[in-house]
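K.L.:
Just need the structure, nothing else, for what follows:
(one chain, ligands or ions: 1)
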Amino acid sequence: MIEIENLSKSFTLHNQSGITIPVMEGAHLSVLPGECVALTGASGAGKSTLMRMIWGNYLAAGGAIRVGGLDITKAAPREIIALRRDTLGYVSQFLRVVPRVPTLRVVAEPLLALGLPEAEACARAAQLLSALNIPERLWALSPTTFSGGEQQRVNIARGFVHGYPALLLDEPTASLDATNRAVVLGLIEQAKARGAAIIGIFHDEAARAQVCDREVDVTEFTPASARGAA
Ligand SMILES: Nc1ncnc2c1ncn2[C@@H]1O[C@H](COP(=O)(O)OP(=O)(O)OP(=O)(O)O)[C@@H](O)[C@H]1O
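P.N.:
Below you'll find the predicted structure:
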């Protein structure tokens, strides 16, 4: 479902004499439907960079990233938008929303974008918000004033509202209490059971051990030149 081949990435610092920093070389990764793979490696090894490349926010220098058959490194913006609507979900660490949109709507939006009737989309959103213990009195409010943990749960609800065939999870249990952490791990297990291919960053080792089938240390993809500098 997710296939990465010979991927490389470097950053050019335009405001610092245009210096180029290679951060990844020869990256390979393949994630099958129903599998959850954890990206590991020390801080700065490139975990977030790899996730952002799969999401289509960072351009690759070379290689291929195929999600559901589409090579993201060569895709047109409209293809990326369609991929994000239908196939690829992303639970980032922080919720980014348009101010004044009610929480229920924020969570229902991915389903509305797919053309589901409003009542159906809102019912599914309500189900997830309840499961994630967001009190119903908050659903009509914008999540912009919510606590860090509440915002993260809204973000998770939004990321799991549609049964995406592929999912990227960036620290999905980071600021959660034990009860909500267990709910999120349950959602990940359900997503795997329905066949989602998942890539995640989990600093929570117990969570990683519970839901991930294997680990990939991105340090393996650090270019030899950058390794020498470390
Ligand atoms: N936008 C950027 N511009 C320049 N360099 C960047 C950029 N984003 C990341 N880097 C560099 O790429 C390398 C990998 O960073 P990345 O954030 O992917 O690491 P990480 O493994 O996710 O770290 P952490 O666990 O601390 O979040 C770092 O050396 C970082 O400085």
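K.L.:
How far off centre is stretch 215-230?
P.N.:
Chain-centre distance of stretch 215-230: 22 Å, with CA atoms, centre = their mean, to the nearest Å.
K.L.:
Over to stretch 52-62?
P.N.:
That offset, for stretch 52-62, works out to 13 Å (CA atoms, centre = their mean).
K.L.:
buried sites along that stretch?
P.N.:
For stretch 52-62, burial by neighbour count (16 or more other CB atoms under 10 Å) applies to 52-56, 58, 60-61. All C-beta atoms are positioned from the backbone trio N, CA, C, and that covers glycine.
K.L.:
now, among the residues you listed, which is nearest to Leu29?
P.N.:
Ile54 (9.1 Å; CB to CB).
K.L.:
show me the residues around the closest residue in space to the closest one that isn't next to it in sequence that make contact.
P.N.:
Leaving aside its chain neighbours, Ile54 sits nearest to Ile65 (5.6 Å; criterion: CB to CB, 6 or more residues apart in numbering). By CB atoms under 8 Å, 6 or more residues apart in numbering, Ile65 lies in contact with 2-5, 7, 53-54, 71-73.
K.L.:
Equivalent analysis for Ala42, please.
P.N.:
Going by CB under 8 Å, 6+ apart, Ala42 touches Thr219.
K.L.:
Quick check: which element contains it?
P.N.:
For Ala42, there is no host helix or strand (DSSP states H and E).
K.L.:
Ok, the one 10 residues further on next?
P.N.:
Taking DSSP H and E as the definition, one finds Arg52 inside helix 47-55.
K.L.:
That helix - contacts with which helices or strands?
P.N.:
If contacts are counted by 3 or more CB pairs under 8 Å, 6 or more residues apart in numbering; DSSP states H and E, helix 47-55 sits against strand 2-13, strand 19-31, strand 36-40, strand 62-67, strand 88-91, strand 166-170, strand 197-201.
K.L.:
C-alpha coordinates for the shortest one, CSV please?
P.N.:
In this case it means strand 88-91. Taking Å, rounded to 0.1, in the frame of the first residue of the first chain, the C-alpha atoms of strand 88-91 are listed here in CSV:
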residue,chain,number,x,y,z
LEU,A,88,-4.2,8.8,2.9
GLY,A,89,-5.0,10.1,6.4
TYR,A,90,-2.6,12.0,8.6
VAL,A,91,-2.8,12.6,12.3
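K.L.:
and it, what does it pack onto?
P.N.:
helix 47-55, helix 148-160, strand 166-170.
K.L.:
and what of the last one?
P.N.:
Strand 197-201 is packed against strand 19-31, strand 36-40, helix 47-55, strand 166-170, helix 178-193, with contacts defined by 3+ CB pairs under 8 Å, 6+ apart.
K.L.:
Would you reformat those as TSV and include mean pLDDT and distance to the ligand?
P.N.:
Below are those laid out as TSV (pLDDT from 0 to 100; distance: least, CB to the nearest ligand atom, whole Å):
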stretch	mean pLDDT	distance to the ligand
strand 19-31	94	4
strand 36-40	98	8
helix 47-55	95	3
strand 166-170	97	9
helix 178-193	97	19
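K.L.:
Among these, show me which one is buried the most.
P.N.:
Mean neighbours per residue, mean count of other CB atoms under 10 Å, is largest over the helices and strands packed on strand 197-201 for strand 166-170, with a mean of 25.
K.L.:
Check what contacts it and list those residues.
P.N.:
Outside strand 166-170, the residues touching it (CB under 8 Å, 6+ apart) are 1-2, 31, 48, 51, 54-55, 67-68, 87-93, 159, 188, 191, 196-202.
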